[in-house]
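Participant: Task: produce atomic coordinates for the following.
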Amino acid sequence: MKEKNTPQPEPEISDSSAETAAEEYAVPEVIEEAEAVPTPTRNAPPSAYAVVSGNDQDHVYLSRCLYKNLTRKKSLSVHHIQRRLHEWGYSEAYLDKDGYYGDHTQAAVKKFQEDHGLDGDGSMDSKTLMAIFEGDTNVMVIID
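Facilitator: Numbering: from 1, shown residues only. Now for the predicted structure:
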C-alpha cells in the first residue's frame, strides 16, 4: 500500500536570522591587497606541459638521447627534453618537437649548456640531462 505524501510545513525564517546568515557568508567586495604570487626562478621552472598526471612519472633515458639517431628516430625521452627545454625558454628545441634529436634540439641543448656553465657541444651527457630536468617532477632521469 502506498503512503501519501503530505506536504511539510515551510520553516519560518525571520528577517534577523536571514541577515545574520548573510553576514556570516558575505564575501568582501574589494580586495585591498592581493598576495604576491611567487614567480618561478631560473633554476627550476614549473612543468606546465606535463605529459603524465598525478604521481606518475615517465622515464627519460640518457641512452635514448642520440643526435640524429637513424635507427630509432622518435623517442619519448627526446620529446621530454624538447618539452623541458621549451619550458626553460629554449624554444628552438620545440621546432623539432617530434621526439627526434635533430639540429634544432642540438642547438637548444648547446645554448642550455653554455648558459648553465656546462661543458658541451649540444650532445647529451648525464650532467646536462640532470640539469635540464631539475625541478621537473613528471620524469625520472635514468643514466644508463
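Participant: Which parts of the protein are strands?
Facilitator: Assigned strands in the chain, in chain order: 58-61, 139-142 (criterion: DSSP state E).
Participant: neighbours of the nearest residue to I142 once chain neighbours are set aside, just the number please.
Facilitator: Leaving aside its chain neighbours, I142 sits nearest to Y61 (4.8 Å; criterion: Cβ to Cβ, 6 or more residues apart in numbering). In this view, the C-beta of every residue, glycine as well, is placed from N, C-alpha and C. Y61 has 17 neighbouring residues, counting by other Cβ atoms under 10 Å.
Participant: just Y94 next, same as before
Facilitator: Neighbour number of Y94 under other Cβ under 10 Å is 16.
Participant: How much space separates the closest residue to it other than its chain neighbours from D119?
Facilitator: Take Y94 and drop its neighbours on the chain: the residue closest to it by Cβ to Cβ, 6+ apart is H86, 4.3 Å away. According to Cβ to Cβ, to the nearest Å, H86 and D119 sit 23 Å apart.
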